[in-house]
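Visitor: Structure of the sequence below:
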Amino acid sequence: MNKDLLGRKNRKTTNNSAESIYHEIIAGNIAALSQGITLIESSNASHREKSSELLKLCLPHSGNSLRIGITGVPGVGKSTFIESFGKHLSDNGKKIAILAVDPTSQNSKGSILGDKTRMEILVKSKNVFIRPTPSGISLGGVARKTRETIILCEAAGFDTIIIETVGVGQSEVAVHSMVDFFILLKLAGAGDELQGIKRGIIEMADLIAINKADGDNLKNAKHAQQDFKNALHLYPPKESKWQPNVLLCSALNNEGILEIAEETEKFQNLVGENGHFKKNRIEQQKYWLFQSIEDNLKSAFYDKSDIKIELQKQIELLKRNETTVFAATEYLLNL
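Guide: Residues are numbered from 1 along each chain as shown. You can find the predicted model right below:
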């Protein structure tokens, strides 16, 4: 890469208008991309207005990536897997943006993708962009900001978007609703092979990858692989016509990563040919339309000054057992 292009991709923007940031983003300027995402994450009203304008400009340049969701319980090795998987894709010419959906970190104090020090190799790659989740916001807020961030990343030329979820609560559902291919990472011998895992998450998975399948754990991993293969046959066929596979991998040793990458390519080819890729994207847009309406209605309701006052009054009445939840709800909504 020549020095002029490298400088363009990393220089800070001096003009802060939405249009100027847009032009820099589609030119591949990473500093401008980061600036645009910061606008998306801001709660400042003027920033939200500017980010909305920026998103409209970038939207025609989005939608051309493969969006991959990765989930798994804490300790399954998500960060190591993402680094190994991301390096493989990057080495093969892919431009990768790695995002996180981790609203629970503020309560659980668990590690989040923002700890870039665990991805030292990827951080140094010019083809990889890593963006952590801002802490202290709700799942709905994280999901909306992540979806908007995806649009900017695609406009900046990233052809593969990897979204990590902490693997707790409803975050898997949120991630599944914004990706094309969903990878569930599992551990053998962790006591949750079948009985402890939520049925819904297995149904969502397009691929189950049993990580840390090496050394003394390889035998257990093979047993778990067969158990999951047997279990998958009990689920109804996917609308995409895709048959989920169960693969072994050792992210630490870079084993099985090639096979997983090949599965994503097979999936992309299949759903591209049978039309499911486009259909799924449209369904996701409809889902997020309804979610956005609900979020905006809730915000508009709770932000009203008279509602804030009356809500506290109703709470006090509930404490004194002088009203019911239903009566309080009807009263507040009638306001």
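
Visitor: Flag every buried residue along stretch 171-185.
Guide: Residues 171-172, 174-185 are the ones in stretch 171-185 that count as buried (16 or more other Cβ atoms under 10 Å). Glycine gets a C-beta too; all of them are placed from N, C-alpha and C.

Visitor: could I get these as a markdown table with distance to Arg320 and pLDDT?
Guide: Output for those, formatted as a markdown table (distance: Cβ to Cβ, whole Å; pLDDT from 0 to 100):
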| residue | distance to Arg320 | pLDDT |
| --- | --- | --- |
| Ser171 | 37 | 76 |
| Glu172 | 40 | 82 |
| Ala174 | 38 | 83 |
| Val175 | 43 | 88 |
| His176 | 43 | 89 |
| Ser177 | 41 | 91 |
| Met178 | 44 | 93 |
| Val179 | 48 | 96 |
| Asp180 | 52 | 97 |
| Phe181 | 53 | 97 |
| Phe182 | 48 | 96 |
| Ile183 | 51 | 96 |
| Leu184 | 48 | 94 |
| Leu185 | 50 | 93 |
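
Visitor: what helices or strands is the biggest helix by length in the chain leaning on?
Guide: For the chain, the helix with the greatest residue count under DSSP state H is helix 276-302. Helix 276-302 makes packing contacts with helix 139-155, helix 257-274, helix 305-319 when contacts are defined by 3 or more Cβ pairs under 8 Å, 6 or more residues apart in numbering; DSSP states H and E.

Visitor: so it versus helix 257-274, what angle?
Guide: Angle, helix 276-302 to helix 257-274, by axes from the mean of the first three to the mean of the last three Cα atoms, to 10 degrees: 90 degrees.

Visitor: Distance from the chain centre to whichever strand or helix holds Glu19, please.
Guide: In this assignment (DSSP states H and E), Glu19 forms part of helix 18-26. Distance of helix 18-26 from its chain centroid, counting by Cα atoms, centre = their mean, to the nearest Å, is 24 Å.

Visitor: likewise stretch 253-267?
Guide: Distance, stretch centre to chain centre, for stretch 253-267: 20 Å (Cα atoms, centre = their mean).

Visitor: Can you give me the buried ones in that stretch?
Guide: Neighbour count says stretch 253-267 has Gly256, Ile257, Ile260, Ala261, Glu263, Thr264, Phe267 buried, by 16+ other Cβ under 10 Å.

Visitor: With stretch 319-335 instead?
Guide: So, applying 16+ other Cβ under 10 Å, buried residues of stretch 319-335: Thr323, Ala328, Leu332.

Visitor: for the stretch 51-200 of the chain, what are the low-confidence residue spans?
Guide: 102-118, 134-141, 166-170, 190-199 (pLDDT under 70).

Visitor: Determine the three-state secondary structure at Ala209.
Guide: Secondary structure assignment for Ala209 (DSSP: H, G, I helix; E, B strand; the rest coil): strand.

Visitor: what is it paired to in the beta sheet?
Guide: Beta-bridge pairing of Ala209 under DSSP bridges involves Leu185, Leu247.

Visitor: Pull the number of nearby residues for it.
Guide: 28 (other Cβ atoms under 10 Å).
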